[in-house]
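Colleague: Here's a sequence, model it:
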Amino acid sequence: MKVDQKKVTSNPNEESDIISCFIKESVNRSLKGIDTNKLKYYTVERNDTILVIAKVTDIMGIQKSSRKKMLFAIQDCLASSERYYSKKIYIDVEGNFSTLLVKTPMRYDLDGRFANEELLLPFYGKSKIPFKK
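Modeller: Residues are numbered from 1 along each chain as shown. Next up is the predicted model:
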């Protein structure tokens, strides 16, 4: 997961990451009040599942409530697409130092400051295993 989180870019490549290009274009048109030039994206598609990682590089310039708008703009973008609407969607919104928001097909953490990134582990076929003494 950490490796994928480092792959975010403000200029996604249409050949290698068409979903990020689609999301960026859609979010730039629909989201008001946020400097969309400060957003970076990376997506991974596996079978019927998509992981979207969005990074906000100017976290101090975006109000906590507006962070949720960004997540919902991404979700709405994919839901409105004939190609992606039936996919299971995982969305990870990163700040400079922490995970801000997480939405999965089953759960979400929309606190806007410190979200539980472990909710994303099922995308990678993993789950948190409790430590036993």
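Colleague: all helices for this structure, in order.
Modeller: Assigned by DSSP state H, the chain shows helices spanning 2-5, 18-30, 64-79.
Colleague: elements contacting the last one?
Modeller: Applying 3 or more CB pairs under 8 Å, 6 or more residues apart in numbering; DSSP states H and E, one finds that helix 64-79 contacts helix 18-30, strand 49-56, strand 88-94, strand 99-103. All C-beta spots, glycine's among them, are computed from the backbone N, C-alpha and C.
Colleague: about what we covered before: could you dump the helices of the chain into CSV with distance to residue 111 and mean pLDDT added?
Modeller: Shown next, in CSV, are the helices of the chain (distance: least, CB to CB, whole Å; pLDDT from 0 to 100):
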stretch, distance to residue 111, mean pLDDT
helix 2-5, 18, 91
helix 18-30, 21, 92
helix 64-79, 9, 87
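Colleague: For residue 40, find the nearest of the ones you listed.
Modeller: helix 18-30 (8.9 Å; CB to CB).
Colleague: which secondary structure elements does the closest one contact?
Modeller: Against helix 18-30 (3+ CB pairs under 8 Å, 6+ apart) you get strand 39-46, strand 49-56, helix 64-79.
Colleague: what sits opposite residue 55 in the beta ladder?
Modeller: residue 40, residue 94 (DSSP bridges).
Colleague: wait, it sits on residue 20?
Modeller: No - the pair residue 55 and residue 20 fails to qualify as a contact (CB atoms under 8 Å) at a distance of 11.3 Å.
Colleague: what's the overlap in contacts for the two?
Modeller: Common contacts of residue 55 and residue 20 (CB atoms under 8 Å, 6 or more residues apart in numbering): residue 41.
Colleague: re earlier: which stretch among the helices and strands packed on helix 18-30 is buried most, on average?
Modeller: Mean neighbours per residue, mean count of other CB atoms under 10 Å, is largest over those for strand 49-56, with a mean of 21.
Colleague: That strand to helix 64-79, inter-axis angle?
Modeller: Relative orientation of strand 49-56 versus helix 64-79 (axes from the mean of the first three to the mean of the last three CA atoms, to 10 degrees): 150 degrees.
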